[in-house]
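In: Okay, sequence plus prediction incoming.
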Amino acid sequence: MSSNAPDPHVVSVDLGDRSYDVHVGAGVRSCLSSVVPTGARRAAVITQPNVGWHVESGLDQSVLEVPDGEEAKCLAVVERLCRDMSSAGFTRSDVIVAVGGGVVTDVAGFVAAVYHRGMRYVSVPTTLLGQVDAAIGGKTGVNLPEGKNLVGAFWQPHAVLCDTEVLATLPPREMRSGQGELAKYHFLGGDGLDALDLAQRIAAAVRIKADVVAADEREGGRRAILNYGHTLAHAIETAGRFDLRHGEAVAVGLVYAAEVAAAMGRIDDDRVAYHRRVVTGYGLPSRLPALLDDDELLALFGRDKKAVDGLTLVLDSARGVEPVTPVPEAVLRQALAAIR
């Protein structure tokens, strides 16, 4: 970074020759030109119409927009972006810059993974959810009608710039969505997160995620803990009939996972109550939408990417959070009743 750059928290994701830094702080988006990869001539800036934040890569850059909303996470949008880049003459020696929330970083990262069989990209996440989760770790992809994130690739960014200035303009619901992912990190070694200021809290969450990713880049084991609360959350989102943002659904999923763990004798009632306190402390929901049917949810659980050898849930215990297989159906139903 240049000498006049903002002073960020810098967290390294240690992956050997694919290692990269995550910069967290006010104004770090202005440092983009200092982190673009050496040798890149052009930048394809992939963003959405309502993001509203301009970045300057220091290169000849073209702006490519994707539609607003989760619907943009689809193969048709990936194809259009690849065709637009091809028509504009982008090559694998150039760079993609993703500017936006989790939808943008997921889509742009997947385009980077597949265009010309792989090119470099830099993420500039502009939502709290993107900064603490979606833009970190190299999981890219899009949805199918059958479920979330079923088509994708592990493709690490070249750098990530988490600019806390951009969060000041986020709508309250969008901030709460990111806080759902922050709540998750309380149970992954992040006790005391609520005592930190926002930049410190983001950097602490990124550090936890970076350590997990460095130990298990391709989710062969330990990385699955980052999906804590997500089995129910993804089922709620796939059902698609309720106005819950991703982080809000994760919050409900965290309480549900605690109830499952308690029903299996893995944690006690005090630990369940702690889950509820963390979630409600962020102003997040802890109850399941009333009209979601148990049978529908259990069927959606079976589509989860972790469902390899029977249903796997990430559950808490005295040893910490870990994947558990199998989980009896009776326990799943009992826990659903506990959060209604």
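Out: It's in.

In: Work out the gap between stretch 103-122 and the centre of the chain.
Out: The gap between where stretch 103-122 is centred and where its chain is centred comes out at 15 Å by Cα atoms, centre = their mean, to the nearest Å.

In: mind saving the C-alpha coords of that stretch as PDB?
Out: Extracted C-alpha coordinates of stretch 103-122, given in PDB (Å, rounded to 0.1, in the frame of the first residue of the first chain):
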ATOM      1  CA  VAL A 103     -24.400 -11.500  -4.700                       C
ATOM      2  CA  VAL A 104     -21.800  -9.500  -6.600                       C
ATOM      3  CA  THR A 105     -18.700 -11.100  -5.000                       C
ATOM      4  CA  ASP A 106     -20.200 -14.600  -5.500                       C
ATOM      5  CA  VAL A 107     -21.000 -14.000  -9.100                       C
ATOM      6  CA  ALA A 108     -17.900 -12.100 -10.100                       C
ATOM      7  CA  GLY A 109     -15.700 -14.600  -8.300                       C
ATOM      8  CA  PHE A 110     -17.300 -17.400 -10.200                       C
ATOM      9  CA  VAL A 111     -16.800 -15.500 -13.500                       C
ATOM     10  CA  ALA A 112     -13.200 -15.100 -12.600                       C
ATOM     11  CA  ALA A 113     -12.900 -18.900 -11.900                       C
ATOM     12  CA  VAL A 114     -14.400 -19.900 -15.300                       C
ATOM     13  CA  TYR A 115     -13.600 -17.100 -17.800                       C
ATOM     14  CA  HIS A 116     -10.600 -18.300 -19.900                       C
ATOM     15  CA  ARG A 117     -10.300 -21.100 -17.300                       C
ATOM     16  CA  GLY A 118      -9.400 -18.700 -14.600                       C
ATOM     17  CA  MET A 119      -8.300 -15.100 -14.000                       C
ATOM     18  CA  ARG A 120      -7.400 -12.900 -11.100                       C
ATOM     19  CA  TYR A 121     -10.000 -10.800  -9.100                       C
ATOM     20  CA  VAL A 122     -10.100  -8.300  -6.300                       C
END
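
In: which parts of it are buried?
Out: Judged by neighbour count using 16 or more other Cβ atoms under 10 Å, the buried positions of stretch 103-122 are 103-115, 119-122. From N, CA and C alone the C-beta is placed, and that goes for glycine too.

In: go on, stretch 67-85?
Out: 70, 72-74, 77-78, 81-82, 84-85.

In: How far away from the center of its chain is it?
Out: On Cα atoms, centre = their mean, the centre of stretch 67-85 falls 18 Å from the chain's centre.

In: For that stretch, which outside residues touch it?
Out: 44, 46, 48-50, 64, 66, 103-104, 106-108, 110-111, 114-115, 141-143, 148-149, 151, 237 (Cβ atoms under 8 Å, 6 or more residues apart in numbering).

In: Inside helices: which ones of those?
Out: Among the contacts of stretch 67-85, the members falling in helices (DSSP state H) are 103-104, 106-108, 110-111, 114, 237.

In: is it true that Val45 touches Asp60?
Out: No. Counting by Cβ atoms under 8 Å, Val45 does not reach Asp60; the two are 11.0 Å apart.

In: The two: which has the busier surroundings?
Out: Val45 (24 against 10; other Cβ atoms under 10 Å).

In: ok, now which ones touch that one?
Out: So Val45 contacts 55, 57, 61-64, 96-97, 99 (Cβ under 8 Å, 6+ apart).

In: Who are the contact partners of the spatially most central residue of the chain?
Out: Residue closest to the average C-alpha location in the chain (Cα atoms, centre = their mean): Ala134, at 2.5 Å. Counting by Cβ under 8 Å, 6+ apart, Ala134 touches 101-102, 105-106, 125.

In: Determine which two of these are furthest apart.
Out: Largest separation among those by Cβ to Cβ: Asp106 and Pro125, giving 10.5 Å.

In: Okay, strands next: where are they in the stretch 201-340 of the chain?
Out: Along the stretch 201-340 of the chain, the stretches classed as strands by DSSP state E, counting those that start in this stretch are 313-315, 322-324.

In: Which residues does the first one contact?
Out: Right, the one you point to is strand 313-315. 224-225, 227-231, 257, 260-261, 264, 266, 306, 321-324, 327.

In: Cool, thanks, signing off.
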